[in-house]
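Visitor: how does the following fold in three dimensions:
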Amino acid sequence: MKRLILLVPLAIFLAVAVFLYRGLFLNPSELPSALIDKPFPGFELPAVEGDKTISLADIKGKPALVNIWATWCISCKVEHPVLNEIAKTGVNIYGVNYKDDNAAAQKWLKEFQDPYQLNISDPKGTLGLDLGVYGAPETFLIDKNGIIRHKFVGVIDESVWRDQLAPLYQALVDEGTP
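Guide: You can find the predicted model right below:
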């Protein structure tokens, strides 16, 4: 009986050690999302610029990147020039300005250019919450029907775009081509 009591802490320690060891080999940019292969959440939020309301219907119809960004996000400033270059190639990019001041967002877009076809203002983070956003930047790849096909957490740089996201985006474009 005493041996059994002594083995319980050892078994708990080993279970925790295995769990932590496994964590050492996970890629932090690949946070799992329960929304993969599920519809993008419905929403009706104001545009960053103008007084238009944007909804899910506005971002459906073509494959797209949905980029979560904010002016307070240092990593977003690093990512932004790459998004501008990607947009020049005809890639559909929609922005979600997350928990940010609208005036600051408008100033940012004027100063650093606007790669977004539509830019959704999410000042309270409601859409971000529905998407399971941890912070900015995060990017979702959606198909023409608004189904989330991939989630990328972190800065999209040239190599991330070229090696990971561009092939996935192109596959979705090709899927919709007759």
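
Visitor: for the protein, just list every one of the helices.
Guide: Ranges of helices in the chain, per DSSP state H, are 2-23, 56-59, 74-88, 102-112, 126-131, 158-160, 166-175.

Visitor: who does the fourth one touch, helix- and strand-wise?
Guide: What that stands for is helix 102-112. Helices and strands touching helix 102-112, by 3 or more CB pairs under 8 Å, 6 or more residues apart in numbering; DSSP states H and E, are helix 74-88, strand 118-122. Any C-beta I mention is one placed from the backbone N, CA and C, and that applies to glycine too.

Visitor: buried set for that helix?
Guide: For helix 102-112, a neighbour-count test (16 or more other CB atoms under 10 Å) marks 105-106, 108-109 as buried.

Visitor: could you dump the residues you listed into JSON lines with pLDDT and distance to residue 38 added?
Guide: Below are the buried residues of helix 102-112 laid out as JSON lines (pLDDT from 0 to 100; distance: CB to CB, whole Å):
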{"residue": "105", "pLDDT": "97", "distance to residue 38": "28"}
{"residue": "106", "pLDDT": "97", "distance to residue 38": "32"}
{"residue": "108", "pLDDT": "97", "distance to residue 38": "31"}
{"residue": "109", "pLDDT": "97", "distance to residue 38": "30"}
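
Visitor: related to what we said a few turns ago, can you redo the helices of the chain as TSV with distance to residue 46?
Guide: Formatted as TSV, the helices of the chain follow (distance: least, CB to CB, whole Å):
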stretch	distance to residue 46
helix 2-23	40
helix 56-59	12
helix 74-88	20
helix 102-112	8
helix 126-131	11
helix 158-160	30
helix 166-175	27
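
Visitor: for the ones you listed, which one sits closest to residue 140?
Guide: Of all these, it is helix 126-131 that lies closest to residue 140, at 6.8 Å by CB to CB.

Visitor: now the closest one: buried residues?
Guide: 127-128, 131.
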